[in-house]
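K.L.:
sharing a model that was predicted from the sequence below.
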Amino acid sequence: MDFKMINIKSIFSILLLAGFFTSCVDYLEPYPNGNRTTEDVWKFQDMVQGLVGQCYDNMPRNYNDNEGVYLDGATDDVVITSTTNAISRLAVGALPTSMDPFRTYWDRDYRSIYLVNLFLKDRRGYNTKFLVNSHLDSLVKNRLQGEAFALRAWFQWDLLQKFGGKGMNGQLLGFPIVLEPIDIKEQTNLARNTYDECVKQIIADCDSAYKYLPLAHRDFLVPNVNDRAYAGGRYWGRFDGITTRAIKALVYLTWASPRFNPGNDITRWDLAAKNAKEVMDFKMKTDAVTNGFNVNKATNWFDPNFGGIIFSARYNNANDAMERMYYPGGFQGTGSVGATQEFVDAFPMKNGYPISDPRSLYDPSKPYENRDPRFYATIFHNNARAVKINTSTTMYTFENWLNGKDAAGPAVNSRTNYHIKKMVFMGLNWSDNSINRQPHAKFFIYWAQMCLTFAEAANQVEGPEGAKYGLSAKDAMAYLRKKDNTDGGKGFTTDPYLTEVASLGKAPFNGFIKNERRLETCFEGSRFYDLRRWTTDLASLNKPVHMAKIQKNADGTFTYNLDQVVEVRAYSSAYLPIPYDEMLRMSNLVQNEGWDAWK
């Protein structure tokens with residue numbers, strides 16, 4: 001898309017189809033050819049709103065892409081079945097400049113930033129007259145102004161996560177900060193700002209957004225019923241004040257982490273904890289009372305109105321993309337990814353102890369028995385059954401042993417002999433006369449993430465059981481360990497291991513939090529960034545990942561070899577590359593270290 005031309009048809013399509021906006025007049029018909037210069041935008045208030053609305057449509061809407069589960073394929077959690085996949089090639093150190101899987105996100109983020117900069121420039125968007133009634137007009141313009149700042153913060157945060165890192169000049173760098181509506185395709189002299197400058201800009205935009213936005217888009221926070229046409233629950237899924245606090249918590253958490261905080265500035269951890277706690281307090285004290293949020297409820301991946309959501313993508317209705325990619329070919333799937341043995345081993349036993357602890361009673365000859373209930377809600381292992389929801393009907397039984405129908409080898413089966421259950425709707429069977437497909441969405445920020453963010457940061461500030469924030473890191477982790485599982489299983493009612501590891505102090509509890517984060521946020525695309533912010537070397541990233549090699553015996557039992565290497569990771573950099581063609585075009589850009597062939 002040409003940044004200086006706005007596609008009127010596409011904006012109107014977004015407005016009409018998504019139902020994002022309400023106006024006191026009918027929508028105007030677009031010009032026949034659909035293209036006009038940016039000056040034409042200001043003639044129509046619907047199109048001014050479209051500058052903000054289109055940015056939401058630029059966001060991903062599921063986990064089946066290079067920002068979701070495929071990105072986990074570059075970590076120790078997942079192996080991608082196709083060895084020619086760009087992320088697979090990244091993981092083994094064989095990514096050519098012609099296959100950059102992140103190039104599109106650089107464009108998307110700057111395209112979105114351009115749109116909101118156009119809205120924010122000279123307060124032109126804010127000064128647009130949207131409605132005749134001055135009070136209702138103020139509701140609309142304040143919301144849009146706040147959303148514009150929040151969206152800029154969001155896409156800048158995405159740029160920082162993906163492209164921030166140590167440059168070849170030895171400096172920690174972020175991205176080129178652009179606060180004017182310019183087409184970066186026409187800019188040849190942009191330079192990357194420092195990492196710290198980028199963090200401060202994102203935080204500033206979050207704070208600016210907070211001044212204009214309602215605390216949350218909830219009808220109960222809008223006492224005047226007549227205002228609810230322009231405020232309240234109808235804007236669920238759009239940025240609000242509490243979401244900007246959540247973004248700040250995530251930004252501060254990364255900025256506080258060892259790779260980006262070599263001096264271990266504790267104030268960064270403190271800011272991460274404070275902002276995460278503010279979000280948690282809102283969920284527990286406000287949403288829990290009036291919006292049906294329950295800390296003990298499992299995450300419902302198929303409910304776009306799930307109470308634990310803080311910020312979510314627009315949903316894909318009646319969708320089966322996740323089921324298709326996770327199920328093996330024998331059950332009409334594509335087996336596109338599989339969990340590693342390392343990930344499976346990260347699950348504790350049903351008594352809460354890690355499998356490495358003798359008290360766990362782990363039996364390597366029966367590795368899938370008596371595991372943490374979360375394991376059975378997350379992984380399809382050998383001889384597991386896919387049971388139809390609310391019934392005892394077995395839809396499919398997994399045969400991952402040598403020569404079994406689901407064993408590694410065919411292109412439609414996982415290479416690890418594990419298939420993924422998380423985000424699979426267990427009421428879907430393609431053999432049914434009426435196929436039950438459910439909504440799928442990407443939960444960008446939700447309850448569990450804030451618990452994990454708070455716990456990690458608070459533990460760094462004052463250890464597992466401090467009282468500074470009115471909630472301890474241990475307390476936050478207890479919320480997660482107690483909650484129900486997505487397949488109906490129950491969490492830990494007693495948890496001696498949590499008590500024990502908390503008593504050991506900051507470092508052991510930090511390791512515990514990291515493992516819990518791994519389990520709770522698996523296959524969401526976050527572990528790639530977690531591993532890099534936690535570590536300061538490449539050795540921890542460049543380890544082989546393993547699969548399960550399974551032999552079925554004559555008596556029907558199985559012999560397991562859980563130490564079979566399936567892929568060797570080889571990273572020359574802890575960072576992602578700045579897009580190669582941008583490096584060639586912009587002489588002032590500095591490439592991240594380790595990408596010598598991309599500069």
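P.N.:
Sure thing, it's come through. Numbers count the residues shown, from 1 in each chain.

K.L.:
all contacts plus neighbour counts: C-alpha atoms, from now on.
P.N.:
OK.

K.L.:
could I have the CA atoms of the biggest strand by length in the chain written out in PDB?
P.N.:
Ranked by residue count under DSSP state E, the longest strand found in the chain is strand 558-568. Only the C-alpha atoms of strand 558-568 are listed here, as PDB (Å, rounded to 0.1, in the frame of the first residue of the first chain):
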ATOM      1  CA  PHE A 558       5.700 -49.700  24.800                       C
ATOM      2  CA  THR A 559       9.400 -49.000  25.100                       C
ATOM      3  CA  TYR A 560      10.300 -45.400  25.000                       C
ATOM      4  CA  ASN A 561      13.600 -43.700  24.000                       C
ATOM      5  CA  LEU A 562      13.200 -40.100  24.900                       C
ATOM      6  CA  ASP A 563      16.700 -39.000  24.000                       C
ATOM      7  CA  GLN A 564      16.500 -39.100  20.200                       C
ATOM      8  CA  VAL A 565      17.800 -35.900  18.600                       C
ATOM      9  CA  VAL A 566      15.400 -34.500  16.000                       C
ATOM     10  CA  GLU A 567      17.000 -31.100  15.200                       C
ATOM     11  CA  VAL A 568      20.100 -29.200  16.100                       C
END
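
K.L.:
residues in contact with the following helix or strand past it?
P.N.:
The helix or strand immediately downstream of strand 558-568 is helix 580-585, counting by DSSP states H and E. Outside of helix 580-585, the residues within contact range by Cα atoms under 8 Å, 6 or more residues apart in numbering are 97, 188, 589-591, 598-599.

K.L.:
neighbour-wise, which of those leads?
P.N.:
Gln591 (26 neighbours; other Cα atoms under 10 Å).

K.L.:
show me what contacts that one?
P.N.:
Going by Cα under 8 Å, 6+ apart, the list of residues near Gln591 reads 167-168, 577-578, 583, 598-599.

K.L.:
in the stretch 101-250 of the chain, which spans are strands?
P.N.:
Secondary structure of the stretch 101-250 of the chain (DSSP state E, counting those that start in this stretch): strands at 165-166, 172-173.

K.L.:
now the stretch 451-599 of the chain
P.N.:
Under DSSP E, counting those that start in this stretch, the stretch 451-599 of the chain gives strands at 544-552, 558-568.

K.L.:
by how many degrees do the first one and strand 558-568 diverge?
P.N.:
Taking axes from the mean of the first three to the mean of the last three Cα atoms, to 10 degrees, one finds strand 544-552 and strand 558-568 inclined to each other by 150 degrees.

K.L.:
partner strands of strand 544-552 and their direction?
P.N.:
Strand 544-552 sits in its sheet next to strand 558-568 (antiparallel), going by DSSP bridges.

K.L.:
and the gap between Ala276 and Thr557?
P.N.:
48 Å (Cα to Cα, to the nearest Å).

K.L.:
so if I had to pick from these two, which one is more boxed in?
P.N.:
Using other Cα under 10 Å as the criterion, Ala276 and Thr557 rank with Ala276 on top: 30 against 11.

K.L.:
now name the helix or strand holding that one.
P.N.:
Per DSSP H and E: helix 266-282 holds Ala276.

K.L.:
mean confidence for whichever helix or strand comes after that helix?
P.N.:
Counting by DSSP H and E, the next helix or strand C-terminal to helix 266-282 is helix 288-290. Mean pLDDT, helix 288-290: 83.

K.L.:
chain center to helix 288-290, what's the gap?
P.N.:
25 Å (Cα atoms, centre = their mean, to the nearest Å).

K.L.:
equivalent analysis for stretch 505-515, please.
P.N.:
Relative to its parent chain, stretch 505-515 has a centroid offset of 22 Å by Cα atoms, centre = their mean.

K.L.:
may I see the buried residues of it?
P.N.:
506, 509-510, 512-514 (16 or more other Cα atoms under 10 Å).

K.L.:
and which of the residues you listed is nearest to Asp158?
P.N.:
Lys514 (21.7 Å; Cα to Cα).

K.L.:
how far away is that closest one from Pro373?
P.N.:
Distance of Lys514 to Pro373, given as Cα to Cα: 19 Å.

K.L.:
buried residues, stretch 91-111. List them.
P.N.:
Buried residues in stretch 91-111 (16+ other Cα under 10 Å): 91-93, 95, 100-103, 105-106, 108-111.

K.L.:
likewise for stretch 62-73?
P.N.:
Within stretch 62-73, the residues that count as buried by 16+ other Cα under 10 Å are 62-64, 66-73.

K.L.:
what does it rub up against?
P.N.:
With Cα under 8 Å, 6+ apart as the test, stretch 62-73 has contacts from 78-80, 87-88, 91, 101-102, 313, 315-316, 321-322, 325, 337, 440-442, 522-528.

K.L.:
quick one on the thing from earlier: so which of the buried residues of stretch 91-111 sit within helices?
P.N.:
The members of the buried residues of stretch 91-111 that map onto helices under DSSP state H are 91, 103, 105-106, 108-111.

K.L.:
can you give me the helices for the stretch 251-400 of the chain?
P.N.:
Assignment of helices within the stretch 251-400 of the chain using DSSP state H, counting those that start in this stretch yields the ranges 266-282, 288-290, 321-326, 341-345, 373-378.

K.L.:
got these as a markdown table, with distance to Ala473 columns?
P.N.:
Listed next are these as a markdown table, based on distance: least, Cα to Cα, whole Å:
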| stretch | distance to Ala473 |
| --- | --- |
| helix 266-282 | 9 |
| helix 288-290 | 20 |
| helix 321-326 | 33 |
| helix 341-345 | 24 |
| helix 373-378 | 21 |
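
K.L.:
by mean pLDDT, show me the worst of these.
P.N.:
Here the helices of the stretch 251-400 of the chain differ in mean pLDDT, and the lowest is helix 288-290 at a mean of 83.
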